[in-house]
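Trainee: Here is the input, now give the coordinates:
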Amino acid sequence: MSVFILRMLVEIGCFALCFYAVGALNYEKLLKPGHTAQAQLLYWLLVLALSWLVSQFLFSLMYPLQ
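Mentor: Just a heads-up that it's a prediction; the model follows:
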């Protein structure tokens with residue numbers, strides 16, 4: 001149970017950090033005008049993918065033998 005809670009805290013923390021970090025990007029120049037829903041979806045998918053990668057990297061450092 002404590003491993004599950006630790007994993008969830010790390011994943012939520014990684015999501016928050018990635019959400020904060022991706023906010024610094026100026027990617028509006030790469031997108032077509034008038035496609036705001038697609039741009040928002042792309043933003044969320046980018047944050048989710050980046051946070052998953054960061055959390056998996058941290059888990060591999062925390063549990064090297066598993």
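
Trainee: Give me the neighbour count for the residue nearest to residue 28 when sequence neighbours are not counted.
Mentor: Sequence neighbours aside, residue 39 is the residue nearest to residue 28 in space, at 7.7 Å (criterion: Cβ to Cβ, 6 or more residues apart in numbering). For every residue, glycine as well, the C-beta is placed using N, CA and C. Residues within reach of residue 39, counting by other Cβ atoms under 10 Å, total 16.

Trainee: Okay, and residue 39 sits in which element?
Mentor: If you go by DSSP states H and E, residue 39 is part of helix 36-62.

Trainee: Can you give me the buried ones in that helix?
Mentor: Buried positions in helix 36-62, judged by neighbour count with 16 or more other Cβ atoms under 10 Å: 39, 43, 47, 50, 51, 54, 55, 59.

Trainee: so what does it touch, helix or strand wise?
Mentor: Identification of packing neighbours for helix 36-62 by 3 or more Cβ pairs under 8 Å, 6 or more residues apart in numbering; DSSP states H and E yields helix 2-22.

Trainee: Farthest-apart pair in the buried residues of helix 36-62, please.
Mentor: By the measure Cβ to Cβ, 39 and 59 form the most distant pair in the buried residues of helix 36-62, at 30.5 Å.

Trainee: Centroid-nearest residue for this protein?
Mentor: Nearest to the mean C-alpha position of the chain, by Cα atoms, centre = their mean, lies residue 51 at 2.4 Å.

Trainee: residues contacting that residue?
Mentor: Residues counted as contacts of residue 51 (Cβ atoms under 8 Å, 6 or more residues apart in numbering) are 11, 14, 15, 17, 18, 19.

Trainee: what about 7 Å?
Mentor: Residues near residue 51 by Cβ atoms under 7 Å, 6 or more residues apart in numbering: 14, 15, 18.

Trainee: Dump those residues to JSON lines, plus distance to residue 31, neighbour count and pLDDT.
Mentor: Conversion of those to JSON lines gives the following (distance: Cβ to Cβ, whole Å; neighbours: other Cβ atoms under 10 Å; pLDDT from 0 to 100):
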{"residue": "14", "distance to residue 31": "25", "neighbour count": "21", "pLDDT": "95"}
{"residue": "15", "distance to residue 31": "23", "neighbour count": "17", "pLDDT": "95"}
{"residue": "18", "distance to residue 31": "19", "neighbour count": "20", "pLDDT": "95"}
